[in-house]
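Enquirer: got a sequence here, can you model it:
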Amino acid sequence: MSKRIPTQAHVLSDDTLKRIGYRLLCSVYAEYEWPNLRRDSDPDVLDSFLEHSDEEISELLVSLAALARAADDALDTLAQLEKTFPQGVGTLLINDTKTVLSLRQACNKIIHAKTSRWDFAVEERNPLYDAYFKAQGMDVRGSYKNPKAIISGEDRGGTWEATLFVVPFVIAVANWDAWQWRFV
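Expert: Take a look at the predicted model:
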């Protein structure tokens, strides 16, 4: 059952965040498969769909980050989730210093980014459960799609670049009850 959370000016449902998170993950994972549908030559009938993919993914990412920030401002939702994702949801590079990207920082950086690009990586470690497997003494390897957004901008501290691990970010901010799951 959906939780309706009143904020200062609006009512926000956790189902809204889950739907946006679901659409974002579907759109991002579709990027891995589009090349399999194309012919070897251009133009392709799929081009009319693909010309919207960057905009769609960006819109969903910004919407999710903005709504997660609004929920956090009203209810401090991200503080509990930070404990569930102590390794963060990416890395933040500010003036040659790399740190862990927290959930709230990720939302802020997404909202204020000046540039963005995507890395549709395939890696041998599970993007969501690798830390859990390691904590259980397991060395689980396979072929896992691990999409990342690389965003950058400027603030008072100088220039910054964040590498956002999309899967843990979406799971964390779109599921207010993610704290009950073990990811570490």
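Enquirer: and the strands in the protein?
Expert: 4-6, 11-13, 90-94, 97-100, 115-123, 144-155, 158-165 (DSSP state E).
Enquirer: which phi and psi does R38 have?
Expert: phi -80, psi 160 (degrees, to the nearest 10).
Enquirer: just checking, it touches F49?
Expert: No - counting by C-beta atoms under 8 Å, R38 does not reach F49; the two are 10.8 Å apart. (Each C-beta comes from the backbone N, C-alpha and C, glycine too.)
Enquirer: I94 pairs with what?
Expert: T97, W160 (DSSP bridges).
Enquirer: could you report the neighbour count for the closest residue to T16 other than its chain neighbours?
Expert: Nearest residue to T16 in three dimensions, chain neighbours excluded: L67, at 6.6 Å (C-beta to C-beta, 6 or more residues apart in numbering). Per other C-beta atoms under 10 Å, the neighbour tally for L67 reads 22.
Enquirer: tell me, what residue is most central in the protein?
Expert: With distances taken as C-alpha atoms, centre = their mean, V166 lies nearest the centre of the chain, 3.0 Å away.
Enquirer: need the strands of the chain in JSON lines (columns: mean neighbour count, mean pLDDT and distance to V62).
Expert: JSON lines is the format used below for the strands of the chain (neighbours: other C-beta atoms under 10 Å; pLDDT from 0 to 100; distance: least, C-beta to C-beta, whole Å):
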{"stretch": "strand 4-6", "mean neighbour count": "12", "mean pLDDT": "56", "distance to V62": "20"}
{"stretch": "strand 11-13", "mean neighbour count": "14", "mean pLDDT": "69", "distance to V62": "16"}
{"stretch": "strand 90-94", "mean neighbour count": "18", "mean pLDDT": "96", "distance to V62": "16"}
{"stretch": "strand 97-100", "mean neighbour count": "11", "mean pLDDT": "95", "distance to V62": "22"}
{"stretch": "strand 115-123", "mean neighbour count": "14", "mean pLDDT": "95", "distance to V62": "10"}
{"stretch": "strand 144-155", "mean neighbour count": "18", "mean pLDDT": "96", "distance to V62": "10"}
{"stretch": "strand 158-165", "mean neighbour count": "19", "mean pLDDT": "95", "distance to V62": "12"}
